[in-house]
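Colleague: have a look at this prediction, sequence included:
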Amino acid sequence: MLSLLVARTRRLDLAEDALSEAFARAAARWPDDGVPTNPPGWLYRTAHRQVVSWLRSEAVAARKAPLVAVRSDWVAPEDSFDDLPDERLQLILLCCHPALSPTSRSALALRLVLGTRTDEIARLFLVAPTAMAARLTRAKKKIVGAGIPLAAPAADELRARLDEVCRTIYLAFTAGYTPGQGPRLLRADLAGQAVRLAAILRELTPGAPQVEALLALLTLQHSRRDARERDGTLVTLAEQNRAAWHGGEIRAGLALVAGVAPTRGYAEELRLQALIAAEHARAPAAQATDWGAIARLYERLEALTGSPIVRLNRAVAVAEVSGPGAGLALLATLDESLGRHHRLAAVRAELAVRAGDAGLARASYERAIELCTNDVERAYLRQRLGGLRS
(Lines give C-alpha, C1' and ligand atoms only; values in the text may rest on other atoms or scores of the structure.)
Protein backbone atom coordinates (compact mmCIF):
# COMPACT_ATOMS: atom_id res chain seq x y z
CA MET A 1 0.00 0.00 0.00
CA LEU A 2 2.84 2.37 0.77
CA SER A 3 4.35 1.64 -2.64
CA LEU A 4 1.03 2.38 -4.31
CA LEU A 5 0.62 5.63 -2.39
CA VAL A 6 4.09 6.84 -3.32
CA ALA A 7 3.62 5.83 -6.96
CA ARG A 8 0.32 7.71 -7.23
CA THR A 9 1.01 10.78 -5.10
CA ARG A 10 4.74 11.29 -5.72
CA ARG A 11 5.11 12.39 -2.10
CA LEU A 12 7.22 10.00 -0.10
CA ASP A 13 7.26 12.35 2.88
CA LEU A 14 3.45 12.40 3.11
CA ALA A 15 2.59 8.85 2.07
CA GLU A 16 4.17 7.10 5.04
CA ASP A 17 2.55 9.45 7.56
CA ALA A 18 -0.81 9.17 5.81
CA LEU A 19 -0.75 5.38 5.92
CA SER A 20 0.14 5.47 9.61
CA GLU A 21 -2.81 7.80 10.16
CA ALA A 22 -5.09 5.39 8.29
CA PHE A 23 -4.04 2.50 10.53
CA ALA A 24 -4.60 4.65 13.61
CA ARG A 25 -8.12 5.49 12.46
CA ALA A 26 -8.83 1.83 11.76
CA ALA A 27 -7.69 0.87 15.25
CA ALA A 28 -10.03 3.48 16.71
CA ARG A 29 -13.10 2.80 14.54
CA TRP A 30 -13.16 -0.85 13.57
CA PRO A 31 -13.73 -2.26 17.08
CA ASP A 32 -17.02 -0.28 17.25
CA ASP A 33 -18.05 -0.03 13.58
CA GLY A 34 -16.89 -3.46 12.48
CA VAL A 35 -14.18 -4.48 10.01
CA PRO A 36 -15.04 -3.33 6.46
CA THR A 37 -15.50 -5.82 3.64
CA ASN A 38 -12.23 -4.79 2.04
CA PRO A 39 -9.86 -3.73 4.85
CA PRO A 40 -6.83 -2.96 2.64
CA GLY A 41 -9.01 -0.91 0.29
CA TRP A 42 -10.40 1.05 3.23
CA LEU A 43 -6.90 1.74 4.52
CA TYR A 44 -5.64 2.79 1.11
CA ARG A 45 -8.55 5.15 0.40
CA THR A 46 -8.27 6.73 3.84
CA ALA A 47 -4.54 7.30 3.42
CA HIS A 48 -4.97 8.58 -0.13
CA ARG A 49 -7.60 11.13 0.95
CA GLN A 50 -5.28 12.26 3.74
CA VAL A 51 -2.44 12.90 1.28
CA VAL A 52 -4.79 14.85 -1.01
CA SER A 53 -5.98 16.90 1.99
CA TRP A 54 -2.42 17.73 3.00
CA LEU A 55 -1.50 18.66 -0.57
CA ARG A 56 -4.44 21.05 -0.77
CA SER A 57 -3.42 22.61 2.53
CA GLU A 58 0.09 23.08 1.23
CA ALA A 59 -1.23 24.72 -1.93
CA VAL A 60 -3.41 27.11 0.04
CA ALA A 61 -0.61 27.95 2.45
CA ALA A 62 1.74 28.66 -0.42
CA ARG A 63 -1.02 30.59 -2.28
CA LYS A 64 -0.57 28.47 -5.36
CA ALA A 65 -3.02 26.93 -7.76
CA PRO A 66 -4.43 23.63 -6.56
CA LEU A 67 -1.86 20.91 -6.84
CA VAL A 68 -2.85 18.33 -9.47
CA ALA A 69 0.24 16.09 -9.58
CA VAL A 70 -1.48 13.52 -7.42
CA ARG A 71 -3.49 10.86 -9.22
CA SER A 72 -6.60 11.35 -7.15
CA ASP A 73 -8.88 9.54 -9.59
CA TRP A 74 -7.56 6.11 -8.60
CA VAL A 75 -9.14 4.28 -5.69
CA ALA A 76 -8.82 0.73 -4.45
CA PRO A 77 -11.50 -1.68 -5.68
CA GLU A 78 -14.31 -2.51 -3.31
CA ASP A 79 -14.08 -6.28 -3.56
CA SER A 80 -10.42 -7.23 -3.80
CA PHE A 81 -6.95 -5.86 -3.22
CA ASP A 82 -5.11 -8.87 -4.64
CA ASP A 83 -5.00 -7.92 -8.34
CA LEU A 84 -3.45 -4.49 -7.95
CA PRO A 85 -0.23 -3.77 -9.85
CA ASP A 86 2.98 -4.43 -7.95
CA GLU A 87 4.66 -1.07 -7.47
CA ARG A 88 7.28 -2.30 -5.03
CA LEU A 89 10.04 -2.89 -7.53
CA GLN A 90 9.63 0.68 -8.79
CA LEU A 91 9.95 1.95 -5.24
CA ILE A 92 13.08 -0.17 -4.72
CA LEU A 93 14.56 1.51 -7.80
CA LEU A 94 13.76 4.91 -6.28
CA CYS A 95 15.47 3.94 -3.03
CA CYS A 96 18.51 2.72 -4.97
CA HIS A 97 18.94 6.03 -6.78
CA PRO A 98 22.64 7.01 -7.06
CA ALA A 99 21.91 10.36 -5.39
CA LEU A 100 21.46 8.49 -2.11
CA SER A 101 24.42 7.25 -0.11
CA PRO A 102 25.28 3.57 -0.59
CA THR A 103 24.79 2.94 3.13
CA SER A 104 21.19 4.17 2.95
CA ARG A 105 19.78 2.64 -0.23
CA SER A 106 19.00 -0.93 0.77
CA ALA A 107 18.00 0.07 4.30
CA LEU A 108 15.49 2.62 3.03
CA ALA A 109 14.02 0.12 0.58
CA LEU A 110 13.53 -2.44 3.34
CA ARG A 111 11.72 0.15 5.46
CA LEU A 112 9.46 1.54 2.73
CA VAL A 113 8.88 -1.43 0.45
CA LEU A 114 8.44 -4.25 2.95
CA GLY A 115 7.74 -2.36 6.15
CA THR A 116 10.71 -3.92 7.96
CA ARG A 117 11.08 -2.45 11.43
CA THR A 118 13.99 -0.11 12.00
CA ASP A 119 15.49 -2.28 14.76
CA GLU A 120 15.39 -5.32 12.47
CA ILE A 121 17.09 -3.38 9.67
CA ALA A 122 19.74 -2.25 12.14
CA ARG A 123 20.35 -5.88 13.10
CA LEU A 124 20.80 -6.86 9.45
CA PHE A 125 23.36 -4.07 8.99
CA LEU A 126 25.05 -4.68 12.35
CA VAL A 127 24.51 -1.09 13.57
CA ALA A 128 22.65 0.47 16.50
CA PRO A 129 18.90 1.14 15.98
CA THR A 130 19.37 4.85 16.72
CA ALA A 131 22.04 5.11 14.03
CA MET A 132 19.82 3.32 11.53
CA ALA A 133 16.83 5.55 12.36
CA ALA A 134 18.95 8.65 11.68
CA ARG A 135 20.22 7.13 8.43
CA LEU A 136 16.66 6.44 7.21
CA THR A 137 15.51 9.95 8.11
CA ARG A 138 18.37 11.53 6.17
CA ALA A 139 17.66 9.35 3.14
CA LYS A 140 13.95 10.26 3.04
CA LYS A 141 14.75 13.95 3.36
CA LYS A 142 17.25 13.60 0.53
CA ILE A 143 14.64 12.08 -1.79
CA VAL A 144 12.12 14.82 -1.07
CA GLY A 145 14.61 17.69 -1.01
CA ALA A 146 16.37 16.67 -4.22
CA GLY A 147 13.12 15.96 -6.02
CA ILE A 148 14.23 12.47 -7.06
CA PRO A 149 11.46 11.22 -9.35
CA LEU A 150 9.59 7.95 -8.90
CA ALA A 151 9.72 6.61 -12.43
CA ALA A 152 10.95 3.56 -14.25
CA PRO A 153 14.57 4.28 -15.19
CA ALA A 154 15.89 3.80 -18.68
CA ALA A 155 17.36 0.40 -19.52
CA ASP A 156 20.96 1.47 -18.99
CA GLU A 157 20.01 3.22 -15.73
CA LEU A 158 18.26 0.09 -14.49
CA ARG A 159 21.28 -2.08 -15.21
CA ALA A 160 23.53 0.44 -13.45
CA ARG A 161 21.45 -0.02 -10.29
CA LEU A 162 21.10 -3.80 -10.52
CA ASP A 163 23.63 -4.64 -7.83
CA GLU A 164 21.87 -2.41 -5.30
CA VAL A 165 18.44 -3.69 -6.29
CA CYS A 166 19.60 -7.31 -5.98
CA ARG A 167 21.24 -6.58 -2.65
CA THR A 168 18.03 -5.03 -1.38
CA ILE A 169 15.88 -7.97 -2.45
CA TYR A 170 18.33 -10.39 -0.85
CA LEU A 171 18.27 -8.42 2.39
CA ALA A 172 14.47 -8.50 2.31
CA PHE A 173 14.61 -12.27 1.90
CA THR A 174 17.13 -12.54 4.74
CA ALA A 175 14.84 -10.51 6.99
CA GLY A 176 12.21 -13.21 6.54
CA TYR A 177 14.53 -15.94 7.73
CA THR A 178 16.52 -14.04 10.35
CA PRO A 179 14.69 -14.32 13.67
CA GLY A 180 13.84 -10.98 15.22
CA GLN A 181 12.37 -10.16 18.60
CA GLY A 182 9.31 -12.08 19.73
CA PRO A 183 7.80 -15.51 19.17
CA ARG A 184 8.11 -15.85 15.38
CA LEU A 185 11.05 -17.85 14.11
CA LEU A 186 10.58 -16.98 10.46
CA ARG A 187 8.32 -15.09 8.06
CA ALA A 188 8.05 -17.23 4.97
CA ASP A 189 5.50 -14.80 3.52
CA LEU A 190 8.03 -11.95 3.61
CA ALA A 191 10.70 -14.16 2.06
CA GLY A 192 8.20 -15.25 -0.60
CA GLN A 193 7.60 -11.61 -1.55
CA ALA A 194 11.33 -11.21 -2.10
CA VAL A 195 11.39 -14.28 -4.35
CA ARG A 196 8.54 -12.78 -6.36
CA LEU A 197 10.36 -9.47 -6.75
CA ALA A 198 13.47 -11.32 -7.94
CA ALA A 199 11.39 -13.14 -10.54
CA ILE A 200 9.88 -9.84 -11.76
CA LEU A 201 13.37 -8.32 -11.96
CA ARG A 202 14.56 -11.27 -14.04
CA GLU A 203 11.77 -10.64 -16.53
CA LEU A 204 12.89 -7.01 -16.84
CA THR A 205 16.61 -7.79 -17.18
CA PRO A 206 16.99 -11.12 -19.01
CA GLY A 207 20.48 -12.56 -18.89
CA ALA A 208 21.78 -10.31 -16.10
CA PRO A 209 24.09 -12.66 -14.12
CA GLN A 210 23.44 -11.11 -10.71
CA VAL A 211 19.69 -11.42 -11.19
CA GLU A 212 19.94 -15.03 -12.41
CA ALA A 213 22.15 -15.93 -9.45
CA LEU A 214 19.89 -14.09 -7.00
CA LEU A 215 16.76 -15.90 -8.15
CA ALA A 216 18.59 -19.24 -8.04
CA LEU A 217 19.81 -18.57 -4.50
CA LEU A 218 16.44 -17.42 -3.15
CA THR A 219 14.54 -20.25 -4.85
CA LEU A 220 16.85 -22.90 -3.39
CA GLN A 221 16.82 -21.45 0.11
CA HIS A 222 13.06 -20.83 0.10
CA SER A 223 12.41 -24.44 -0.96
CA ARG A 224 13.19 -25.53 2.64
CA ARG A 225 10.65 -23.23 4.30
CA ASP A 226 8.22 -25.92 5.47
CA ALA A 227 10.93 -27.95 7.20
CA ARG A 228 12.61 -25.20 9.22
CA GLU A 229 10.16 -25.33 12.11
CA ARG A 230 8.13 -28.11 13.76
CA ASP A 231 5.43 -27.42 16.37
CA GLY A 232 6.95 -24.04 17.14
CA THR A 233 10.44 -25.49 17.58
CA LEU A 234 13.52 -24.70 15.52
CA VAL A 235 14.71 -27.56 13.31
CA THR A 236 18.37 -27.46 12.25
CA LEU A 237 19.38 -28.19 8.68
CA ALA A 238 20.78 -31.59 9.63
CA GLU A 239 17.49 -32.60 11.28
CA GLN A 240 15.08 -31.29 8.65
CA ASN A 241 12.67 -33.66 6.92
CA ARG A 242 13.90 -33.39 3.36
CA ALA A 243 10.67 -34.85 2.05
CA ALA A 244 9.09 -31.54 3.08
CA TRP A 245 11.43 -29.59 0.81
CA HIS A 246 9.82 -28.34 -2.39
CA GLY A 247 11.29 -30.52 -5.12
CA GLY A 248 10.02 -28.44 -8.02
CA GLU A 249 11.64 -25.31 -6.64
CA ILE A 250 14.90 -27.19 -6.04
CA ARG A 251 14.97 -28.36 -9.65
CA ALA A 252 14.24 -24.84 -10.88
CA GLY A 253 16.95 -23.36 -8.65
CA LEU A 254 19.53 -25.93 -9.71
CA ALA A 255 18.77 -25.24 -13.38
CA LEU A 256 19.14 -21.49 -12.81
CA VAL A 257 22.49 -21.68 -11.04
CA ALA A 258 23.85 -24.12 -13.62
CA GLY A 259 23.26 -21.45 -16.26
CA VAL A 260 25.28 -18.72 -14.50
CA ALA A 261 28.91 -18.61 -15.62
CA PRO A 262 31.71 -17.46 -13.28
CA THR A 263 31.79 -13.68 -13.22
CA ARG A 264 32.94 -10.81 -11.01
CA GLY A 265 31.73 -8.50 -8.28
CA TYR A 266 28.41 -8.89 -6.55
CA ALA A 267 27.14 -11.26 -9.24
CA GLU A 268 29.94 -13.67 -8.32
CA GLU A 269 29.09 -13.35 -4.61
CA LEU A 270 25.54 -14.38 -5.37
CA ARG A 271 26.67 -17.19 -7.68
CA LEU A 272 28.92 -18.68 -4.99
CA GLN A 273 26.13 -18.49 -2.42
CA ALA A 274 23.76 -20.15 -4.88
CA LEU A 275 26.30 -22.94 -5.45
CA ILE A 276 26.49 -23.49 -1.69
CA ALA A 277 22.70 -23.65 -1.47
CA ALA A 278 22.74 -26.10 -4.40
CA GLU A 279 25.10 -28.45 -2.53
CA HIS A 280 22.66 -28.59 0.39
CA ALA A 281 19.64 -28.92 -1.90
CA ARG A 282 20.94 -31.84 -3.97
CA ALA A 283 22.04 -33.94 -0.97
CA PRO A 284 19.42 -36.66 -0.37
CA ALA A 285 20.37 -36.79 3.32
CA ALA A 286 22.39 -34.63 5.70
CA GLN A 287 25.23 -37.17 5.87
CA ALA A 288 25.49 -37.11 2.06
CA THR A 289 26.30 -33.38 1.98
CA ASP A 290 29.57 -32.57 0.24
CA TRP A 291 31.02 -30.42 3.01
CA GLY A 292 34.40 -30.28 1.29
CA ALA A 293 32.87 -28.52 -1.71
CA ILE A 294 30.93 -26.18 0.58
CA ALA A 295 34.05 -25.29 2.59
CA ARG A 296 35.94 -24.48 -0.62
CA LEU A 297 33.08 -22.30 -1.88
CA TYR A 298 32.96 -20.44 1.43
CA GLU A 299 36.72 -19.89 1.25
CA ARG A 300 36.34 -18.28 -2.17
CA LEU A 301 33.38 -16.23 -0.96
CA GLU A 302 35.29 -14.97 2.07
CA ALA A 303 38.25 -13.99 -0.12
CA LEU A 304 35.84 -12.02 -2.30
CA THR A 305 33.83 -10.32 0.46
CA GLY A 306 35.88 -10.30 3.66
CA SER A 307 32.56 -10.79 5.47
CA PRO A 308 32.67 -12.02 9.09
CA ILE A 309 29.31 -13.75 8.56
CA VAL A 310 30.84 -15.71 5.68
CA ARG A 311 33.72 -16.75 7.93
CA LEU A 312 31.23 -17.86 10.58
CA ASN A 313 29.49 -20.07 8.04
CA ARG A 314 32.81 -21.27 6.67
CA ALA A 315 33.82 -22.35 10.18
CA VAL A 316 30.82 -24.66 10.32
CA ALA A 317 31.74 -26.26 6.99
CA VAL A 318 35.41 -26.59 7.91
CA ALA A 319 34.45 -28.27 11.19
CA GLU A 320 32.51 -30.88 9.22
CA VAL A 321 35.59 -31.58 7.07
CA SER A 322 38.52 -31.16 9.44
CA GLY A 323 37.01 -31.41 12.91
CA PRO A 324 35.67 -28.96 15.51
CA GLY A 325 39.11 -27.67 16.45
CA ALA A 326 39.65 -26.30 12.94
CA GLY A 327 36.26 -24.61 13.06
CA LEU A 328 36.96 -23.05 16.46
CA ALA A 329 40.25 -21.68 15.16
CA LEU A 330 38.40 -19.80 12.41
CA LEU A 331 36.03 -18.29 14.97
CA ALA A 332 38.89 -16.88 17.05
CA THR A 333 39.14 -13.71 14.95
CA LEU A 334 35.42 -12.85 14.96
CA ASP A 335 34.85 -11.57 18.50
CA GLU A 336 35.55 -7.96 17.57
CA SER A 337 33.19 -7.90 14.57
CA LEU A 338 30.48 -10.30 15.79
CA GLY A 339 30.90 -10.19 19.55
CA ARG A 340 27.31 -8.96 20.02
CA HIS A 341 25.84 -11.48 17.56
CA HIS A 342 24.36 -14.52 19.28
CA ARG A 343 25.09 -16.75 16.29
CA LEU A 344 28.84 -16.55 16.94
CA ALA A 345 28.38 -17.75 20.51
CA ALA A 346 25.92 -20.45 19.42
CA VAL A 347 28.25 -21.87 16.78
CA ARG A 348 31.19 -21.76 19.20
CA ALA A 349 29.08 -23.66 21.74
CA GLU A 350 28.14 -26.39 19.25
CA LEU A 351 31.74 -26.85 18.13
CA ALA A 352 32.95 -26.85 21.74
CA VAL A 353 30.52 -29.67 22.54
CA ARG A 354 31.93 -31.71 19.68
CA ALA A 355 35.49 -30.90 20.80
CA GLY A 356 34.71 -32.10 24.34
CA ASP A 357 35.26 -28.69 25.95
CA ALA A 358 32.30 -28.55 28.34
CA GLY A 359 33.41 -25.31 29.99
CA LEU A 360 33.63 -23.39 26.72
CA ALA A 361 30.36 -24.92 25.54
CA ARG A 362 28.52 -23.89 28.70
CA ALA A 363 29.89 -20.33 28.68
CA SER A 364 29.14 -19.94 24.98
CA TYR A 365 25.55 -21.21 25.28
CA GLU A 366 24.94 -18.82 28.16
CA ARG A 367 26.35 -15.96 26.10
CA ALA A 368 24.20 -16.90 23.11
CA ILE A 369 21.06 -17.02 25.28
CA GLU A 370 21.94 -13.60 26.73
CA LEU A 371 22.25 -12.04 23.28
CA CYS A 372 19.40 -13.84 21.50
CA THR A 373 16.14 -11.87 21.20
CA ASN A 374 13.96 -14.49 19.48
CA ASP A 375 11.82 -16.67 21.76
CA VAL A 376 11.96 -19.81 19.61
CA GLU A 377 15.70 -19.67 19.05
CA ARG A 378 16.33 -18.88 22.70
CA ALA A 379 14.27 -21.90 23.73
CA TYR A 380 16.38 -24.09 21.44
CA LEU A 381 19.59 -22.75 22.96
CA ARG A 382 18.30 -23.37 26.48
CA GLN A 383 17.42 -26.92 25.50
CA ARG A 384 20.95 -27.46 24.21
CA LEU A 385 22.41 -25.98 27.39
CA GLY A 386 20.13 -28.17 29.50
CA GLY A 387 21.28 -31.25 27.63
CA LEU A 388 24.87 -30.26 28.34
CA ARG A 389 24.21 -30.13 32.06
CA SER A 390 22.50 -33.51 32.26
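Modeller: The structure has been received and is ready for your questions.

Colleague: please tell me how far Lys141 sits from Val347.
Modeller: In this view, Lys141 and Val347 are 40 Å apart by C-beta to C-beta, to the nearest Å. Where you see a C-beta, it was placed from the backbone N, CA and C, and this is true even at glycine.

Colleague: Ala315 now?
Modeller: Ala315 sits 6 Å away from Val347, going by C-beta to C-beta.

Colleague: common neighbours of those two, please.
Modeller: Residues touching both Ala315 and Val347 (C-beta atoms under 8 Å, 6 or more residues apart in numbering) are Gly327, Leu331.

Colleague: of Lys141 and Val347, give the one with the bigger neighbour count.
Modeller: Counting neighbours by other C-beta atoms under 10 Å for Lys141 and for Val347 shows that Val347 has the greater number, 24 against 12.

Colleague: tell me if the more buried one really is in a helix.
Modeller: Yes - when classified by DSSP: H, G, I helix; E, B strand; the rest coil, Val347 is found to be part of a helix.

Colleague: tell me which helix or strand comes right after the lowest-mean-pLDDT helix or strand in the chain.
Modeller: The helix or strand of the chain with the lowest confidence, counting by mean pLDDT, DSSP states H and E, is helix 155-160 at a mean of 68. Past helix 155-160, heading to the C-terminal end, the next element that is a helix or strand (DSSP states H and E) is helix 162-177.

Colleague: what angle separates the following helix or strand past that following helix from helix 162-177?
Modeller: Next in sequence after helix 162-177, counting helices and strands by DSSP H and E, comes helix 188-204. With axes from the mean of the first three to the mean of the last three C-alpha atoms, to 10 degrees as the criterion, the two stretches helix 188-204 and helix 162-177 enclose an angle of 160 degrees.

Colleague: in the stretch 201-350 of the chain, which spans are strands?
Modeller: Taking DSSP state E, counting those that start in this stretch as the criterion, the stretch 201-350 of the chain carries its strands at 229-230, 233-234.

Colleague: now the ones you listed as TSV including mean neighbour count?
Modeller: Listed next are the strands of the stretch 201-350 of the chain as TSV, based on neighbours: other C-beta atoms under 10 Å:
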stretch	mean neighbour count
strand 229-230	14
strand 233-234	15
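
Colleague: turn those into TSV, including mean pLDDT.
Modeller: As requested, the strands of the stretch 201-350 of the chain are exported to TSV (pLDDT from 0 to 100):
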stretch	mean pLDDT
strand 229-230	88
strand 233-234	88
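
Colleague: wait, which of those strands is closest to Val353?
Modeller: strand 233-234 (16.7 Å; C-beta to C-beta).

Colleague: and the closest one, what does it pack onto?
Modeller: The criterion is 3 or more C-beta pairs under 8 Å, 6 or more residues apart in numbering; DSSP states H and E, and the helices and strands that strand 233-234 contacts are helix 375-389.

Colleague: which residues does the helix it packs on contact?
Modeller: Taking C-beta under 8 Å, 6+ apart as the criterion, the residues outside helix 375-389 that touch it are 179, 182-185, 229, 232-234, 342, 346, 349-350, 353, 358, 361-362, 365-366, 368-369, 372.

Colleague: what about it, average pLDDT?
Modeller: Computed over helix 375-389, the mean pLDDT rounds to 89.

Colleague: work out the gap between it and the centre of the chain.
Modeller: The gap between where helix 375-389 is centred and where its chain is centred comes out at 26 Å by C-alpha atoms, centre = their mean, to the nearest Å.

Colleague: ok, stretch 95-106 next?
Modeller: Relative to the chain's own centre, stretch 95-106 is displaced by 17 Å; criterion: C-alpha atoms, centre = their mean.

Colleague: what does it contact?
Modeller: With C-beta under 8 Å, 6+ apart as the contact definition, stretch 95-106 has outside contacts at 108-109, 112-113, 135-136, 138-139, 142-143, 146, 148, 160-161, 164-165, 167-168, 171.

Colleague: what's the answer for stretch 253-268, then?
Modeller: For stretch 253-268, contacts defined as C-beta under 8 Å, 6+ apart pick out 163, 166-167, 208-210, 212-213, 215-217, 219-220, 223, 271, 274-275, 277-278, 281-282, 304.

Colleague: same thing with stretch 242-250?
Modeller: The contact list for stretch 242-250 (C-beta under 8 Å, 6+ apart) reads Thr219, Leu220, His222, Ser223, Arg224, Arg225, Asp226, Ala227, Ala281, Arg282, Pro284, Ala285.
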